[in-house]
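[1] The sequence and its predicted three-dimensional model are supplied below.
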Amino acid sequence: MASITHNLHQVRHQIREACERAGRPVDSVRLLAVSKTKPVSCIQEAVAADQWLFGENRVQEARLKIPQLALPKAAFHFVGPLQRNKVKEAVALFQMIESLDSLELAEEIQRRSPKAMPVLVQVNVGREPQKRGFLPEQLREALLVLAEMDKLQIKGLMTMHPLTDNGENSRPLFRHLADLAQEMKLLAIPGVEMEELSMGMSRDFTIAIQEGATLVRVASAIFGPPVQKNFLP
């Protein structure tokens, strides 16, 4: 089995190639290493390979792992569905919440966060009934409401697209999200930025980069398959 260090080298190489094909500078894309279900030792190995940005999708897991690491240089993004009763902990643990999927969650962040919290607004571009997020036609009105909340720093959009074995199937969804971001940017809503596009995972992140992703969320291509059990430190 390849090491995490080797896998990171391969993923970074793919990111460079995808940026070159798209005519983009390499530093326009950040790699979010999604370490969900993985022990602290895996994150430490990634840090030793100069990876400092990580994603977690469960507050219960992150509260055990992040304090153990004690890495001031590292940053953690929350990338899963966030329960409102976990918001107070989440805003203390994470540097960004990428999965702002409802006005109700936004209101809870507004109540619970002691400072302005960077967030990405989740859009259900695939229109999957089991997925959370705003539908594309809801986005403008949602942003107008979110912009009034001073504890939210709206940095851009995120999507959780349908899983597919063929990454090309995701391309239209990535393009749709990028188009939405441009439309929202033209509205020039005060307090709303559209600088970040979080899209693409292990099977399709290179395609997401070609369509404008600034953050790619890579888990299994770095850390291997998720552990099918509760996290244990």
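    Happy to help now that I have it.
[2] drop to CA atoms for contacts and neighbour counts, all remaining ones
    Fine.
[3] so where do the strands sit in this protein?
    With DSSP state E, the ranges of strands along the chain come out as 30-34, 53-56, 75-78, 96-100, 117-122, 152-158, 192-198, 215-218.
[4] Which one, of those strands, ends up nearest to E183?
    Between E183 and those, the shortest separation by CA to CA is 9.5 Å, and it involves strand 192-198.
[5] quick one on the thing from earlier: I'd like the strands of the chain laid out as JSON lines, including distance to E20 and mean pLDDT.
    Below are those laid out as JSON lines (distance: least, CA to CA, whole Å; pLDDT from 0 to 100):
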{"stretch": "strand 30-34", "distance to E20": "15", "mean pLDDT": "98"}
{"stretch": "strand 53-56", "distance to E20": "22", "mean pLDDT": "98"}
{"stretch": "strand 75-78", "distance to E20": "26", "mean pLDDT": "97"}
{"stretch": "strand 96-100", "distance to E20": "26", "mean pLDDT": "98"}
{"stretch": "strand 117-122", "distance to E20": "26", "mean pLDDT": "98"}
{"stretch": "strand 152-158", "distance to E20": "23", "mean pLDDT": "98"}
{"stretch": "strand 192-198", "distance to E20": "18", "mean pLDDT": "98"}
{"stretch": "strand 215-218", "distance to E20": "16", "mean pLDDT": "98"}
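[6] Using CSV, lay out the ones you listed together with distance to R16 and mean neighbour count.
    Converted to CSV, the strands of the chain look like this (distance: least, CA to CA, whole Å; neighbours: other CA atoms under 10 Å):
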stretch, distance to R16, mean neighbour count
strand 30-34, 11, 23
strand 53-56, 17, 23
strand 75-78, 22, 22
strand 96-100, 24, 25
strand 117-122, 24, 24
strand 152-158, 22, 24
strand 192-198, 17, 22
strand 215-218, 13, 22
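[7] mind giving me a markdown table with those and columns for distance to L186?
    Formatted as a markdown table, the strands of the chain follow (distance: least, CA to CA, whole Å):
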| stretch | distance to L186 |
| --- | --- |
| strand 30-34 | 24 |
| strand 53-56 | 30 |
| strand 75-78 | 27 |
| strand 96-100 | 21 |
| strand 117-122 | 17 |
| strand 152-158 | 13 |
| strand 192-198 | 10 |
| strand 215-218 | 21 |
